[in-house]
Structure formats: structure tokens, C-alpha cells
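**Q** Below are the sequence and a predicted model for it; my questions follow.
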Amino acid sequence: MGGLEEYNNSGALIGLDALDDTELLGALKRMNPVKRQRTINKLANTGTPSRGSRAEMEKFFAELPAHIKEGLGNGTLRLCDSLIYSIKPVNSKTIKIFEPQDDRQIGLRNISNAKLQKNQVLLVSGLVLLAGTSADGTQDNIMATDYKSIEGFPAIVNGEIDLKANKKIILPETGNYVFKTSNMHFVPIGYYKLANPRLIEDDVPIELTISLGSTTGIAANTYIYAALHGTGTTA
């Protein structure tokens, strides 16, 4: 129970949120007296409501793998803001943002093998898509490139994006036009908020693909910065 202080819907985390009154009373009666009282105290103390992707994550507690629930419940895991990113060259009409052969490298990507680490799950609340043209193809210059709105790259704007995890569709083929946010003053540049957030579990393949109909007008050494934003878990 040590980790429950962090969450506003503790009942969901310990599996009591879906029970009716009779089932709830039965579950409480089966607990030892100390655990029963602590559980009642946690359920009664809702605290300050969570906001943003954290509030969205709490709605998905029932879907979390058992080992993640256990870690959150005993305090060995915590919720955290998360941004999973990768930079890839625009050298074809199909750009795989996360690939099995990728290694983690600061400035280029922060996951390896296109998978989250063990005990790390992510509720994807939104995506980021930016582009920039590097001075050349060296890693230092790629990492030093100023990534900006895709609005300066019409061929990218007119392309599509899709996201899958473990072959399950999170975002179907969607026009990149949704990332044109320069005139949206309350939206970060290149950010698209998902109306239907989805959970990505640890150690499953992540497939984020950019598909272009044309590469006309895209300069050599142009790169895409793409990221998954949301709430995840950390030790």
C-alpha cells in the first residue's frame, strides 16, 4: 500500500473500483484489520484531482499488467511525465521512426530496439512531429539541428502518420496536417493531442511510421523528429 498516496483513484489501482457495494464489503472483510483500515482511508481520501495525461493514465489502471500494478502499489514504481523520441532521415517515402536495430543515444533517440524497458509503460496522450535540415549527415550536426514546424516542408505536411504497438493500432493513417499548429497559440509547435489515449506496455514493438506521397522539395539532410508524449512509469 506504500505507493497509493500518489494516486487519486486508489480503488482502481488495487482492483476495487469495478466492485458494487456488496462485492466491496466482501473484499474489505477478507483483508486483515490493518490493511482494511488503511484501504478505507485511501479510498476516502481522494485528494486533489489529477490533470492532463496523468488523469488519463489513472483511468487505465485496470488495464495495466499485474507486475506494473504491483510496483505502483508498493511504491517501487512511480508515474512520471514521459516523452519517447527518435530522429530519422527523410531519405525515402517511408520513414520508420523506431526500428529494432536502434540503440539509445542522447540527442537521437531515448529507447533501444523500438521497445520500452521492462517495468516501463506509457499512456500515449499525444504525438510530436517536427522537421529540420542539418548542415550535413554527421551525427553531431544532426543532433544540433534546429527542429521546427513541418509547415516549411509541404511534402511532409501532405504525408501521413500511423502508430502501432505490438501490431495493435493506436493511431490509424492520419494526415500530417494535424501537426500544423503554428497558429494555435495554446498548442505546442508540432503537437497533436489524441482524443483516445492508448497504453503501450513494456517490451512490445512500437511502430511509428511516416508515409510520404512525394519527396519533391525536401532538401538533402532533412530529418524528422517524432515523439510520443504522455504519462509513464519509472523506478
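**A** Yes, it's here.
**Q** Quick check: the gap between the nearest residue to Ile200 once chain neighbours are set aside and Glu207.
**A** Distances taken as CB to CB, 6 or more residues apart in numbering place Ala165 nearest to Ile200, at 4.4 Å, with adjacent residues excluded. Every residue, glycine included, has its C-beta placed from N, CA and C. Ala165 sits 7 Å away from Glu207, going by CB to CB, to the nearest Å.
**Q** hey, where'd the helices end up in the protein?
**A** 10-13, 21-29, 33-44, 52-58, 66-74, 139-143, 154-157 (DSSP state H).
**Q** For the residue nearest to Ile200, report the pLDDT, please.
**A** With respect to pLDDT, Ala165 has a value of 95.
**Q** what about it, neighbour count?
**A** Residues near Ala165, counting by other CB atoms under 10 Å, number 22.
**Q** And for Asn113?
**A** Neighbourhood size, Asn113 [other CB under 10 Å]: 16.
**Q** ok, now Tyr177?
**A** Residues near Tyr177, counting by other CB under 10 Å: 13.
**Q** what's the nearest residue to Thr234 if we skip its chain neighbours?
**A** Thr234 sits nearest to Cys80 (CB to CB, 6+ apart), 4.6 Å away.
**Q** list the contacts for the residue nearest the centre of the chain?
**A** Nearest to the geometric centre of the chain sits Val124, at 3.2 Å (CA atoms, centre = their mean). Counting by CB atoms under 8 Å, 6 or more residues apart in numbering, Val124 touches Leu163, Ile170, Leu194, Pro197, Arg198, Leu199, Ile200, Leu228, His229, Gly230.
**Q** Show residues contacting stretch 151-168.
**A** Contacts of stretch 151-168 (CB under 8 Å, 6+ apart): 90, 124, 127, 129, 131, 150, 169-177, 179-180, 182, 198, 200-201, 204-218, 222, 224, 226, 228.
**Q** gap between Ser112 and Glu63?
**A** From Ser112 to Glu63 the distance is 25 Å (CB to CB).
**Q** make that Ala135, sorry
**A** From Ala135 to Glu63 the distance is 45 Å (CB to CB).
**Q** quick one: which of those two has more around it?
**A** Between Ala135 and Glu63, Glu63 has the larger neighbour count (other CB under 10 Å), namely 14 against 11.
**Q** Now do the buried residues in stretch 26-33.
**A** Leu28 (16 or more other CB atoms under 10 Å).
**Q** same question, stretch 83-97
**A** For stretch 83-97, the neighbour count (16+ other CB under 10 Å) marks Ile84, Tyr85, Ser86, Ile87, Lys88, Val90, Ile95, Ile97 as buried.
**Q** Can you check the distance spanned by it, start to finish?
**A** 14 Å (CA to CA, to the nearest Å).
**Q** mind showing which ranges of this structure have poor pLDDT?
**A** Counting by pLDDT under 70, the ranges of the chain that qualify are 1-25, 42-54.
**Q** All set now, cheers.
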